[in-house]
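# Whatever this is, show me its structure:
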Amino acid sequence: MVPVNSTDRNSPDTRLLDALSAGTPSTRLQAALAVGTQAHPGLVDALMERCAIEPDFFVRDMLTWALTRLPSEITVPRVRAELLSERAQARSQALHTLSKIGDRSVYPAITRSLLRDADDEVARSAWRAAVVLVPDGEQDGLAAELASQLGRGDRSVQLSLSRALVALGDVIRPALQAGMASSNPTVSAHARATELLLRDPDVGFDAAVDEAKRIVALGPERVEGIEC
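Numbers count the residues shown, from 1 in each chain. Reported below is the predicted structural model:
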């Protein structure tokens, strides 16, 4: 935590620190906005600590914005360290913040364990951050790693993975082909739905999933001869 002089409880920094932990989300939101507007590097630890426990989505997003306003040489090492936190929210929010900062040098810190994190929110944040930060020439490897998670989770998790894969572009086709050949119908359908989205981003995920399930159920060779 940022050291605070107990004799100076009315200093602007102290009031902001108090406001960041206030009981009402609107007060915390305004405090995060103020910290970002002032771009005060001395409050980076307070922002990170709040990210790990903040329950309100909008406040968390403002905390991330505030961190992006600070010098990256100060924030990036501190945010990167949170990737090792035992708190799932701390890991997830750190990944989200790194994706917004956009420093590709941190890509190696998005490890396989994060991409396969048991917590769905952490994994989703890792997928999104990896797609944003992956260096040129490493997209193939990332596509294969992401494709290993095909079939995971509920609709929202699968949609996040499909969006991350599609954002990589045509390099994902070999990985999707392997997924479509899976004997697991959930994996196969998810891979096919993602391939449909790659071909036509406007088709919509639910429609793509329904079509993919139909293809898996009937078999590709039978679908080819059926008029839609």
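# Surely residue 29 and residue 60 touch.
No. Under the criterion of C-beta atoms under 8 Å, residue 29 lies out of contact with residue 60, with a separation of 9.9 Å. (Each C-beta comes from the backbone N, C-alpha and C, glycine too.)
# what's the most centrally placed residue in the chain sitting at in phi/psi?
Ranked by distance to the mean C-alpha position of the chain (C-alpha atoms, centre = their mean), the top residue is residue 125 at 1.8 Å. Here the main-chain torsion angles of residue 125 (degrees, to the nearest 10) amount to phi -60, psi -40.
# Contacts only, for the closest residue to it other than its chain neighbours.
Excluding its sequence neighbours, the residue lying closest to residue 125 (C-beta to C-beta, 6 or more residues apart in numbering) is residue 95, at 3.9 Å. Applying C-beta atoms under 8 Å, 6 or more residues apart in numbering, one finds that residue 95 lies in contact with 83, 110, 114, 122, 125, 126, 128, 129.
# any idea how far the residue lying closest to residue 147 once chain neighbours are set aside is from residue 198?
With C-beta to C-beta, 6+ apart as the measure, residue 175 is the residue that lies nearest to residue 147, at 3.6 Å, once sequence neighbours are left out. Here the distance between residue 175 and residue 198 works out to 11 Å (C-beta to C-beta, to the nearest Å).
# quick check, nearest of the contacts of residue 95 to residue 203?
Within the set of those, residue 128 lies nearest residue 203; the separation is 21.1 Å, counting by C-beta to C-beta.
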